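Visitor: Structure of the sequence below:
(5 chains)
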Amino acid sequence: MDNIKEKILSLASDATFDEGSLLTVTVPSAQLRAVAEYLRKEEQFDYLQDLIGMDWGESLGVIYRLFSTAKNQQAILLKTSTSDRENPELFTVSDLWESANLYEREVYDFFGIKFINHPGMRRLFLRGNWEGFPLRKDYDMSSNPLTMENQSIEEMETVTTLNMSNEGLVNSSFQLFGEKEYIVNMGPQHPATHGVLHLRVSLEGETVNKIDPHFGYIHRGIEKMCEAYTYPQMLHLADRLDYLSGTMNRHAICLCVEKALQLEVPERAQYVRTILDELTRIASHLLGWGCMCMDMGSITAFVYGMRDREKIMDIFEESGGGRLMCNYSVIGGLSKDIHPNFLKRVREFIPYMRKMLKEYHILFTENPIARGRMRDIGFLTKEQAIAYGVTGPSGRASGWMNDVRKLEPYAAYDKIKFEPMMRTEGGTFERYIVRLDEVEESLRMLEQLVDGIPEGDFCAKTKAIIKLPEGEYFQRVENARGDFGVYISSKGDKNPYRVKFRSPCMTLVSALSPITCGEKIADLVMIGASLDYVIPCIDR
Amino acid sequence: MNESFLIVAIITALFLVVAALVLAKLIAPRSTNPQKGEPYECGIPTRGNSWLPFKVGYYLFAILFLMFDVETVFLFPWAIVMRSLGTSGLITVSFFILILVLGLAYAWKKGALEWK
Amino acid sequence: MKNLVNYIKAILLGIWNLLLGMKITMINFFRPKITEQYPENRGTQVMFERFRGELTMPHNANNEHKCTACGICQMNCPNGTITVISKQETDEATGKTKKVLDKYEYDLGSCIFCDLCVRSCPQDAIEWSQAFEHSVFTRSKLVEQLNHEGSKLAVKEKVTETK
Amino acid sequence: MFDFKVVTSWIDDLLRVQAGIPEFWTLAIEFVLVGVAILAAYAVLALVLIYVERKVCAFFQCRIGPNRVGKWGWLQTVADMIKILLKEIIHINKSDKFLFLVAPFFVIMGSILAFAAIPFGKGLHAIDFNIGIFYLLAVSSLGIIGILLAGWSSNNKYTLIGAMRSGAQLVSYELSAALALLTVVALSGSMQLSVIVEKQATVWNVFHGFAAIPACIAFVIYLIAGHAETNRGPFDLPEAESELTAGYHTEYSGITFGFYYLAEYMNMFIVAAIATTVFLGGWMPLHIPGWEAFNHVMDYIPSVVWFFGKAAMCVFFALWVRWTFPRLRIDQLLKFEWKILMPISLVNLLLMAFCIILF
Amino acid sequence: MEERSLRMEVKNIKIKNIPNEDFKDNEYLEQYVDELRKNGTNIFVGKINDFIDWGRSNSVWPLTFATSCCGIEFMCVGAARADFARFGWEVTRNSPRQADVVFVAGTIVHKMAPVLKRLYDQMAEPKYVIAMGGCAISGGPFKGSYHVVNGVNEIIPVDVYIPGCPPRPDAVLYGMMQLQRKIKLEDYFKLPEKPETK
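Guide: Residues are numbered from 1 along each chain as shown, chains lettered A, B, ... in the order given. Below you'll find the predicted structure:
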């Protein structure tokens, strides 16, 4: 670590360091690029987990959260800021980390920070003609009334860039697609985009030439809303981010807040939360499996998946009181103790699910049509997966061990034995099979958890009004789609100052384009399904 | 008799379509708005014309189809009188089919059956 | 020749796997159906006791509820689903004025069933019911008044003593 | 066994002799009767098939399926048809209006013409050409023209791709279907459907001694190719929902869509019916040589029951396949036809020829 | 009043297994039917109307339209447990041309609003809208957000509101039966004008 510091100081003499739980480096915006290049190329910080735009009041800035996959998940936090609120400009890092491409567009969308040399600096979620930048503290909420005008084609296809050249900064714009290209809209209302993702696909016959994803059709401004909410209220927004792994997202915020409060969560609650997480993961994978089958035209398989998912929904509803949004974990533990039937139901579910999994494999995995459709398409190499930040089952299918449950164990994950499911080839079939393997592994984990669940309290005492001490808090959890991160910046109030959710789905979609080009349109659907993204998680 | 029933069937089909269309036209409710007649493309305005020429890989298959379909038609008369032609007919037709199979094998080998 | 053998093998294996898949669907064809026939089973349907269907304010036989109109639930509600309208009422016996509940408005149409109100209520005045048949044609019908007409605060002497 | 010729000649006799109606009018009345009969049978069968599909699909999926409209939900499809008939028909801007309206006509005509040529029972068929097989192959392609026109004329990118796909699919699978039927023509020595059925009086083609092996293979090939031609089962690429939203009929609304909906199910039935006629002995009862008593009992079952029973089996098989397998991709589809079905069909034809000549 | 009784009345609507009194918001239907029957109908048209409405109400094909969480519960309604196929609604259409009802399942945000409006406009008459879940009814959890439409009735006319976050499948079935009841009352030949929205 020390030589990194030295090196950074030699690159940026004004850099300041802060060693808390992880090394935080603050560099002036002019030297950011040099430091980032050094960290990426020489220190192999190859995984940009998150890029957080910030409005510190007088200055705007960006926080880069970097990990090194080679050096045992060493992490570093890179901060930079610019005091120019009128025309904030920073250098891009999108050529160093592919995942930064979308992240930087998001920061531009929310804070208005322009990234120099970024390949396409345009809004990510909001419409092109949106007034103001919503996550800035001085944003006027009423400045954008509802408009019913359809988006124009020009708005969707004209891309502006800000490039550094010999004459200084040059603003330019270009058209994304050629005049003669055959562009088909897939989404927002499309059965195979799993939500309201909008893909503009350039086709040549049946072959996909280029994909331009558009987001924001379900952008609800959750991060801005969180700033006005108390911590317990925030939980309910997290549920609705990636609603298929709502329990885990909720868990992440709970952990983050508990960490900040240094609250000791009873072991029983930790176990139950872990059981819930794994059940949610199974439910999510079942739905993902079903949707993938449905995208391939096998509706029966989808119905089987949903049928078995209902068993989990029953468990949730009995103890938590809700099916999809079971609202079970709260800050400090659980809202209620588990229902007397809970353990019995989980115990019954495990053998049932095993039996059904066998059927799934016979019905679908072994089916030559399905195999033929999944084989040989959509390969994502390990390097690509890391560069794009493709985590979760999709990343593990490419051979990247990124299971947060193993890397940074939380709740009861360090008390049970499990193996992260890995494949190396990174194709569509591998992503598919990793999910089913994970269901099986989760069942094994459930067995241990159910047997090991201790008696005792289910919730720690918390104050009526929860105030976080001033500071910045991070928490990662492994949700059904990958590395879900929460960043809370607190100024000591009952409301957070800034909340950022690291959505695993956004990086999944960013990887869609490079692995699909050249494949057929039917493969686009398949690859999309195998990545298994949930759009509201991207849009937040 | 058969031919006239064929005409009856055609008229029946015509009647079914026309009657249903007219009925729907007459009594179905209607509404107009500027977006109704626009092509549906997932709720987003279409870009340009849909009738742009674009590459499809079906052409080669259409040619292959033409070739093989004509050959198949030649086989039908043989099939009807096959019993009376006996072994000699069988041998000659075997040659014919062999050439067909060779043609298919050639196309296969040449990669004409691969989708591009 | 080897190619030909592989080709035939692949076809036969494919057919075998297809048939196995068909066997699975056929097994399911004869499995008991899991469908719960909702309107038909209305009489027998049992909801989970923790299921959150609708916020209610239980009243006892004397048309009394436990709500003191403190407004904690309203404060905890993330999205303004609950509006507690209180009024000042003078107790004729003691002459003291105190805040009592006038209207407890609950908007079912925006409720997110987060349970924060029920858990934060110091008086346990509100709770969840298991009813789920709420669909209506008019939006305004979803805004309900939870306290009954003319209801009063239940006298809870014991609780105040212990406190 | 009851011969439906009795009914037809009785009607003919009633009109001509008893009522003394002149020749021209007799014919006219008979034509109208036939037309009405075809229409009624067509509509009823389509409704029943849609109902059956929904029910069977539900059972495969551990569900119950329609059960609230009428007892067991048997009126469900009637309600659907009323609704669909009375929906608005939307006109698409910049579409080719004429072709857009004509397309459903082709689809319906293709299925009605094929439907009219099927021998449903002893003496119960409207059209019986001596080149019946050719005729069936020809009219079954008409429907695809309708689909192509629909996709082309809609001025929509999804429909266009759907249309292209259906074209490729048809031209490919038409070959295998023709070759499979050819195999049976060789066995029967005739292309006339009634003759083919008559020839199976003692034994069905699929049980025909040594020829049973190639006949069975041809039967399976025909079922596959036939369902591929009707865009069903795992071959529903032209309307691949997950890619093309609703495929070639995306822009069709109301009854114009209803025609495609009806025709899809009728085509499924027609394929099953042709398979029944050509391979499973049509309306002929099951006879086992030597078991005279058994054969005698079988003869008592009406021919129509035999026909529909066998056709229902084929339909059920098709549904079973449809609700089990995922959809193929376009290259898999073409590969399957040209590299698997085609060679097998050709070899199978030769095998059949050997079987007939040598045994 | 003589004439009125020739058509379906609120008290006569039959939905299997749920008595009429158990349905909520019957007042609206009473009012609705009063408005519809202002001029009366003749016997013949009345009977035909009842027949047509029977057909229409039993064959409501939804558009597969889902934006977020409620979409998952909507899928659950279609899956084996709740199985809306029992009502004949399982023919979900992906093209708005063929759909009868659009379930607004999930949050509608500013960017999505024109898309939803366009989809609705492209549907063939007669068409219905069901607002499913808190978000569609009022903005739900995201009421205060800068990018969320507070209730789809601001954009398109809504026929039935199904509250819940998300509503459980049974509640959705109940909502659909409410829609059936509404359709059963309508006069097919004089369908009410849908109020113009912005």
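
Visitor: Report the contact partners of residue A:172.
Guide: Counting by C-beta atoms under 8 Å, 6 or more residues apart in numbering or on different chains, residue A:172 touches A:160, A:161, A:163. Heads up, the C-betas are built off the backbone N, CA and C, glycines and all.

Visitor: mind checking the SS state of it?
Guide: strand (DSSP: H, G, I helix; E, B strand; the rest coil).

Visitor: Following the host helix or strand of residue A:105 in sequence, what is the next regular element?
Guide: Using DSSP states H and E, residue A:105 sits within helix A:100-111. Next along the chain after helix A:100-111, taking DSSP H and E as the criterion, comes strand A:114-116.

Visitor: Quick one: low-confidence residue ranges for chain E.
Guide: Where chain E drops to pLDDT under 70, the residues are E:1-8, E:10, E:39-43, E:191-198.

Visitor: where exactly do the helices run in it?
Guide: E:26-36, E:43-57, E:69-78, E:113-122, E:133-138, E:169-185 (DSSP state H).

Visitor: Would you mind giving the domain segments of the chain?
Guide: The chain I'm using is chain A. A:1-137, A:222-461+A:468-538 (automatic domain parsing).

Visitor: wrong chain, I was asking about chain C
Guide: C:1-34, C:54-153.

Visitor: Ok, chain B next?
Guide: If you go by automatic domain parsing, chain B breaks into B:1-29, B:55-116.

Visitor: What distance do you get for residue B:16 to chain E?
Guide: Here residue B:16 is placed at a distance of 19 Å from chain E (C-beta to the nearest C-beta, to the nearest Å).

Visitor: anything in stretch D:306-320 near chain C?
Guide: Yes. Using C-beta under 8 Å from any C-beta of the partner chain, stretch D:306-320 reaches chain C at residue D:320.

Visitor: So which bits of that stretch are buried?
Guide: D:306, D:307, D:308, D:310, D:311, D:312, D:314, D:315, D:317, D:318, D:319, D:320 (16 or more other C-beta atoms under 10 Å in any protein chain shown).

Visitor: Need the residues that contact it.
Guide: Contacts for stretch D:306-320 (C-beta under 8 Å, 6+ apart): C:22, C:25-26, D:49, D:52-53, D:56-57, D:60, D:119-121, D:223, D:227, D:232-233, D:268-269, D:271-273, D:275-276, D:280-286.

Visitor: from those residues, which are also near chain A?
Guide: C:25, D:57, D:60.

Visitor: Could you count how many residues lie near the nearest residue to residue A:387 once chain neighbours are set aside?
Guide: Excluding the flanking residues, the one nearest residue A:387 by C-beta to C-beta, 6 or more residues apart in numbering or on different chains is residue A:98, at 4.3 Å. Counted by other C-beta atoms under 10 Å in any protein chain shown, the residues lying close to residue A:98 total 20.

Visitor: for chain C, what's the longest strand?
Guide: strand C:97-107 (DSSP state E).

Visitor: wait, residue D:187 sits on residue D:208?
Guide: Yes. The pair residue D:187 / residue D:208 is scored as a contact, 6.5 Å apart, by C-beta atoms under 8 Å.

Visitor: Common neighbours of these two, please.
Guide: residue D:215.

Visitor: So for those two, which sits in the more crowded spot?
Guide: Higher neighbour count among residue D:187 and residue D:208: residue D:187, with 27 against 24, using other C-beta under 10 Å.

Visitor: Who are the contact partners of that one?
Guide: D:205, D:208, D:211, D:215, D:352, D:356 are the contacts of residue D:187 under C-beta under 8 Å, 6+ apart.

Visitor: Kindly report the residues of the stretch 151-300 of chain D close to chain A.
Guide: So the stretch 151-300 of chain D meets chain A at D:157, D:158, D:161, D:234, D:236, D:240, D:241, D:242, D:243, D:245 (C-beta under 8 Å from any C-beta).

Visitor: So the fourth one: helix, strand or coil?
Guide: Just to be clear, that refers to residue D:234. helix.

Visitor: which residue packs closest to it, ignoring adjacent ones?
Guide: Using C-beta to C-beta, 6+ apart, the closest residue to residue D:234 is residue D:325 (4.1 Å).

Visitor: What of the second one?
Guide: Closest residue in space to residue D:158, ignoring its immediate chain neighbours: residue D:244 at 4.3 Å, by C-beta to C-beta, 6+ apart.

Visitor: Now that neighbour, what are its backbone angles?
Guide: phi -110, psi 30 (degrees, to the nearest 10).

Visitor: so what's it up against?
Guide: D:158, D:159, D:161, D:162, D:238, D:250 are the contacts of residue D:244 under C-beta under 8 Å, 6+ apart.

Visitor: from those residues, which is closest to residue D:85?
Guide: residue D:250 (20.0 Å; C-beta to C-beta).

Visitor: if I look at the closest one, how far off is residue E:94?
Guide: As judged by C-beta to C-beta, to the nearest Å, residue D:250 and residue E:94 stand 8 Å apart.

Visitor: Give me the more crowded residue out of these two.
Guide: Per other C-beta under 10 Å, whichever of residue D:250 and residue E:94 has more neighbours is residue D:250, with 29 against 25.

Visitor: The more buried one is in contact with residue D:157, isn't it?
Guide: No. In this structure, residue D:250 is not within contact of residue D:157 by C-beta under 8 Å, at 9.4 Å.

Visitor: Which helix or strand contains the residue lying closest to residue D:266 once chain neighbours are set aside?
Guide: Spatial nearest neighbour of residue D:266, chain neighbours left out: residue D:111 (4.2 Å); criterion: C-beta to C-beta, 6+ apart. For residue D:111, the host element (DSSP H and E) is helix D:97-116.

Visitor: helices or strands up against that helix?
Guide: helix B:2-27, helix D:23-60, helix D:132-153, helix D:254-279 (3 or more C-beta pairs under 8 Å, 6 or more residues apart in numbering or on different chains; DSSP states H and E).

Visitor: so which of these is the most packed in?
Guide: The highest average neighbour count among the helices and strands packed on helix D:97-116, using mean count of other C-beta atoms under 10 Å in any protein chain shown, belongs to helix D:254-279 at a mean of 26.
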